[in-house]
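S.K.: Prediction below, plus the sequence it came from.
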Amino acid sequence: MSKNYETVIGLEVHVELATKTKIFCSCSTAFGGAPNTHTCPVCTGQPGSLPVLNKQVVEYAVAVGLATNCQITQYSKFDRKNYFYPDNPQNYQISQLYLPICRDGYVEIETDAGKKQVRIHEIHMEEDAGKLVHDEWEDVSIVDYNRSGVPLIEIVSEPDMRSADEVIAYLEKLRQTIQYLGASDCKLNEGSMRADVNLSVREVGSSKFGTRTEMKNLNSFKAIAHAIEGERERQIELLEAGRKVVQETRRWDDNKESSHAMRSKEDAQDYRYFPEPDLVPIVISDEWIADIRSRQPELRDEKLVRYKKEYDIPDYDAKIITSSKHMADIFEATTKLCGKPKKVSNWLMVEAMRLMKEHEMDPEELRFSPVNLAKLIELVESGTINGSVAKEVFEIVFDKDIDPEQYVEEKGLKSVNDEGELRDAVQRVIEENPQSVEDYHGGKEKALGYLVGQTMKATKGKANPGMVNKLLKELLG
Amino acid sequence: MNLLRYTAVELGKKIQAGEVSVLEATQAVLDAIKAKEAAVNSFVTVDEEGALKRAAEVQKLIDEGKLTGPLAGVPVAIKDNMCTEGLLTTCSSKILYNYIPTYSAEAVKRLEAAGAVIVGKTNMDEFAMGSTTETSAYGVTKNPWNTEHVPGGSSGGSCAAVAAEEVPYALGSDTGGSIRQPSSFCGVTGIKPTYGSVSRYGLIAYGSSLDQIGPIAKDVTDCATILESITSYDTKDSTSVKREDSDYTSALVDDVKGMRIGIPRDYFGEGLDPEVREAVLAAAETLKEKGAIVEEFDLGLVEYAIPAYYVIACAEASSNLARFDGVKYGYRTREYEGLHNMYKKSRSEGFGAEVKRRIMLGSFVLSSGYYDAYYLKALRVKALIKKAFDNAFSKYDVILGPAAPTTAPKLGQSLDNPIQMYLGDIYTISVNLAGLPGISLPCDMDKNGLPIGLQLIGDCFKEKNIIRAAYSFEQTREYKHSPLAEA
C-alpha cells in the first residue's frame, strides 16, 4: 500500500541588483554592449587589480533584508569562493559565507491553503560571472566579461515550503517586494531572478528530513512548478521501490520537461572559502539602517490597506493593480491628476489588461504616461468623446503614448453634441428604416437599439449615444 | 664624476640646478646597466627607448618649472611585480612571460607624477616567493658584493641594482621581509611601510593582507623622500589608509636623545650568526651613546610567526594565483585536450617549483576540514603577535634587531632546504603579520666582506620614529660602495 508523502522545499534565489555600476568596479551593468566593452582590469581579473565595494549594493541588500524582516549583520564580511571556470576571471568568486549581510527573516505568503510564513535563512551579496559562448563550428569557447561583476544577492530560505503553490507564492512575494524597493526588475526569463529548488520528500508525520536534491536552470514559474511535481514523483518512486534518493544537483531541461543529474555530493567541489583580504569588513551603523529604513518605499501590503481606505476600489482590483509597482505608480499618478480612482482602475483593469494579454506583456512593460490616461478620462467625462471612441484612442495611447486631446482634435473624433445636427441624422435613419420603426411601435424594444446603431454608424461613431437615444424616442413618439 | 655615485636626492638636486640633465642621468643609468648586467642580472626588462623618451619629456617639464620635486628626473627601477602600462610585467614567472599591463600600479603613477624616469623592471623570486631571487624564471640575480652569493629576496633585483649602482633607487615589495632582507644582504637601505600606507593597486598580489610596496636606496634620506612620494590614500585599494603624517622627511633629524629602544631577547637566540649579533648590538650601543634609552625585553611568540606566516601567505597566494590559468593572458600550453587539461598543463609548465609548493600548501590549509586547524589558528596567532607588539610599543618607540640571521648565503645553497630558508625570515615576518613599518640599513660587514643589516621596527604609522633612529645611526657611518659599484 502506498504511503502518504510530504514535499519539503527550500529555495536559493539569486537576484541581480539594479545598480548602474558593477559591485567591485565602476563599469556599467547595462545589457547589450558589444562583448567585453563593459570591462576594466578589475572585472577581467587582471593581475594587480583590486575590488572596491559599491555602496549601493549594500543599501539594496539591507533594503531587501529589512523588507523581509531580516536581522541586519552590522559587521559583515566578504569571502572568496575558489573554483576554476573561464567565465570567472579570477577563478574565485567574491561572495559571503561566514558573515552574510542579512539573517533570520521571513515573508508571509498566501495560497488556497491559507496564510503562512516562509523563513529566510540568510541573504548574501556576491558578484556574477561572465558569459561563455561555445562556437561549435570553430570548436572554441569565447568569453564575454560584460556580466562579470554585476551585483547579485542570494536569498536562501529555510525548508518551509510544502508545495509548488507555496513556492510560486513565495517567489511572487519576493519579486513584488524587490520590485517595489527598486532593487531589481526580477525577470525570471532574462535571468535577473533565478531560483534553485532544494527538494526532499518524507512520510507525513515524520520529523526527519529526507535526502534532498538541488534543481537548477529553472527559467519560469511554469518550469518551477513542473520541476517540483516531477522531482516529487521521482523521489517517491525511488522510495517506494526501496531505493535511496541520492544527494545531487540536477538540471532541468525545459524542452524535455524533465531533469537529469549534473553532479553528486561526492563530486562536490571544496570551495576553500576564506575571508577576502582585499576588502575591509562592512560596518553598518544603526544610523545607516535607520536611514535606509526611512527611505523604504510603501510596500504592497501597506498599499493595499491604503487603497481600500483612500480610493474605495474593490479588493480584487487593488490586488491586481498593486501586483506590479509600476502599475500601482501609474494608478496613483493618474488618480492624482484626474481625481477619479474608480475610472482609472477601470481603464487599467479592463482595457489595459486586455491589451497586455493580447501583446503578451508584463505590467512592467506598460509605457503610457499617467498624464495621457488622465486626459483621456477627462475627454470621456466631459462628453468630448464617447465610450467607443475612447477605447479606440486608448489603444493608441497604450501603444504610442500619444496626447489624446491632440489626437482627438486632429482626427475629428469629438462627439456630435449639436442637437440640431443630431436631430437631422436621427430623422434620416427613421426614414430609411421603416421596418424597424414598425417593429419598435409593435413593442420590439430591440429595434431601438438597431436604430441607435444606425445613427452611430451614420455619424461615424461620434454621436453622443445618450442624446441619440433621447432624440429617437422623442421623434418616434 | 660617475652620476651613479649620487643618492637619488643628490642627483635630483643636480638636475634641478641644471648641472645634470635628465637625459644625462638616464643615459648614465642605461650605460651602467649595460656594463653590469652580465655580472649581476638585476633586470628582467630594460626599457631603453621608453626611458630616453620619458627623460626628454621630464626635462621639458622641469625646464618649464612644472616639476620641482626632489625626485624629478631621477631614474628608477621597478620590481617586476608592479604593473607598468605598456611595459612587460612578468613577476619573474614563465606564466606571465608575455604580459603587458593596460594600466600602471598606483605607486608607479605616484612616482611618475613626481617626475621619475622608469628604466626597467627588476628581477625577483617568482611571484615574490623566495628569499634569494633564485626562483626567478629569468635567471639568478647575484650579490654585487660577491657574485657567488645571493642578493636575498624576493626584491633581490631591486636591491642588487641599487648596490651595484646601476640605478639610484628602486621600488620593492615586502610580504615577509622581501625589502628588508635583500637590503640587508646587499648593503642598502629599504623601508617596509605600515600596511595600508602605499596603495597595492597594480601590485600583483602574493599575500594580500601582508604585501606592501616600499623604497630601496642608498640611504635613509632617499628612502624617506621616496616613501613620501608613494604614500597615498587610494580609493582603488580598500585597504588603503588616509594618513596626515606622511611628511617622513621631517624625521630626518640626527637626534635620538630620550628615544626608547627595545631589543627583543628572542631575536638574539639560537640560529643567529655571532658576527651579525655583534654588529647589531654594536649599533644599539651607538644609539645608546647618542642618547637613546636602550633596554632588552621579551617580545614572545617569535617561534610561531613563521608557521603562521606561511599558512596565511600561502592560503592567500593559492587564491591570488588562481587567475593565471592560460585563459585570458600569459602562458598557455601548446597542446591540450579540453579545458581541464589546458589549465593543468599551463599551470604545471608556467609555474616554478616554489610557487607550486606554496599553492599546494595554501590550498591544503583552506581545505574543508583543515580550515579551522590551520588557517583560523594562524589568524589567531597573527592577532596575538600584534598584541605582543602593542605591549612592546607601550614601552618603546623603536624595536631594534637584525634583519636576517646571517649574511648572504652562497648561490645554490638555499632552495634544497626550504624549511631552513623559511627560518631565515624569522626577524622580518612578524612585522608583516602585525602590519608594522620596518627599515633595514647597513650597520657593518662580516669577515667575508658581506654587509650586515640592522632592522628597526616601529609601531603602526610611526615610520618617523624608525626614520629618525636610522638617520641618526647612519650619521655615524660612511656608506660603503660594493665592488660592482666600483667597477
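M.R.: Received, thanks. Residues are numbered from 1 along each chain as shown, chains lettered A, B, ... in the order given.

S.K.: contacting residues around the residue positioned nearest the centre of chain B?
M.R.: Of all residues in chain B, the one closest to the mean position by CA atoms, centre = their mean is residue B:179, 2.3 Å from it. By CB atoms under 8 Å, 6 or more residues apart in numbering or on different chains, the contact set of residue B:179 is B:155, B:158-159, B:172-173, B:190-192, B:214, B:216, B:440. No exception for glycine: its C-beta is placed from N, CA and C like everyone else's.

S.K.: For the closest residue to chain A within the stretch 1-150 of chain B, list the residues it contacts.
M.R.: Going by CB to the nearest CB, chain A is nearest to residue B:83 of the stretch 1-150 of chain B, at 4.6 Å. By CB under 8 Å, 6+ apart, the residues touching residue B:83 are A:46-48, B:89, B:101, B:103-105, B:108, B:202-204.

S.K.: do the same with residue B:250
M.R.: Contacts of residue B:250 (CB under 8 Å, 6+ apart): residue B:464.

S.K.: for it, helix, strand, or coil?
M.R.: Reduced to three states with DSSP: H, G, I helix; E, B strand; the rest coil, the structure at residue B:250 is helix.

S.K.: ok, so what distance separates it from residue B:225?
M.R.: 11 Å (CB to CB, to the nearest Å).

S.K.: so is residue A:259 in a helix, a strand, or just coil?
M.R.: strand.

S.K.: Surely it and residue A:235 touch.
M.R.: No: in this structure residue A:259 lies outside contact range of residue A:235 using CB atoms under 8 Å: 11.3 Å.

S.K.: from what I can see residue A:250 touches residue A:216, true?
M.R.: Yes: the criterion here is CB under 8 Å, and residue A:250 meets it with residue A:216 at 7.2 Å.

S.K.: so what's residue A:429 up against?
M.R.: Each residue near residue A:429 by CB under 8 Å, 6+ apart is listed here: A:451, A:454-455, A:458, A:472.

S.K.: Now neighbour count, secondary structure and pLDDT too, for the residues you listed, in JSON lines please.
M.R.: Putting those into JSON lines (neighbours: other CB atoms under 10 Å in any protein chain shown; DSSP: H, G, I helix; E, B strand; the rest coil; pLDDT from 0 to 100) gives the following:
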{"residue": "A:451", "neighbour count": "24", "secondary structure": "helix", "pLDDT": "87"}
{"residue": "A:454", "neighbour count": "20", "secondary structure": "helix", "pLDDT": "86"}
{"residue": "A:455", "neighbour count": "24", "secondary structure": "helix", "pLDDT": "86"}
{"residue": "A:458", "neighbour count": "16", "secondary structure": "helix", "pLDDT": "82"}
{"residue": "A:472", "neighbour count": "21", "secondary structure": "helix", "pLDDT": "85"}
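
S.K.: Next, format these as a markdown table and append distance to residue A:142.
M.R.: Below are the contacts of residue A:429 laid out as a markdown table (distance: CB to CB, whole Å):
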| residue | distance to residue A:142 |
| --- | --- |
| A:451 | 70 |
| A:454 | 67 |
| A:455 | 67 |
| A:458 | 66 |
| A:472 | 73 |
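
S.K.: Give me the average confidence score over stretch B:183-202.
M.R.: Here stretch B:183-202 scores 98 as its mean pLDDT.

S.K.: ok, the residue of the stretch 351-477 of chain A with the smallest separation from chain B - contacts?
M.R.: The minimum distance from the stretch 351-477 of chain A to chain B, using CB to the nearest CB, falls at residue A:364 (35.2 Å). For residue A:364, the contacting residues are A:179, A:185, A:187, A:324, A:326, by CB under 8 Å, 6+ apart.

S.K.: Do a quick rundown of the helices in the stretch 101-250 of chain A.
M.R.: Applying DSSP state H, counting those that start in this stretch to the stretch 101-250 of chain A gives helices spanning A:164-181, A:221-240.

S.K.: got those helices as CSV, with distance to residue B:123 and mean pLDDT columns?
M.R.: Converted to CSV, those look like this (distance: least, CB to CB, whole Å; pLDDT from 0 to 100):
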stretch, distance to residue B:123, mean pLDDT
helix A:164-181, 53, 95
helix A:221-240, 57, 94
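
S.K.: Comparing those, which comes out most buried?
M.R.: Across the helices of the stretch 101-250 of chain A, averaging neighbours per residue (mean count of other CB atoms under 10 Å in any protein chain shown) puts helix A:164-181 on top, at a mean of 21.

S.K.: For that one, name the packing helices and strands.
M.R.: Helix A:164-181 is packed against strand A:5-16, helix A:55-67, strand A:102-111, strand A:114-127, strand A:193-203, helix A:221-240, helix A:300-311, helix A:325-338, with contacts defined by 3 or more CB pairs under 8 Å, 6 or more residues apart in numbering or on different chains; DSSP states H and E.

S.K.: how about residue 320, secondary structure?
M.R.: Reading this off chain A. Look at residue A:320: counting by three-state DSSP, its state is helix.

S.K.: quick revisit: same for chain B: which of the contacts of residue A:429 are within range?
M.R.: Residues of those in contact with chain B (CB under 8 Å from any CB of the partner chain): none.

S.K.: of all these, which comes closest to residue B:166?
M.R.: Nearest to residue B:166, judged by CB to CB, of the contacts of residue A:429 is residue A:458 at 102.2 Å.

S.K.: Residue A:431 is in contact with the closest one, correct?
M.R.: No: if you go by CB under 8 Å, residue A:458 and residue A:431 don't touch, sitting 11.6 Å apart.

S.K.: Do a quick rundown of the helices in the stretch 51-200 of chain B.
M.R.: B:106-113, B:156-163, B:180-186.
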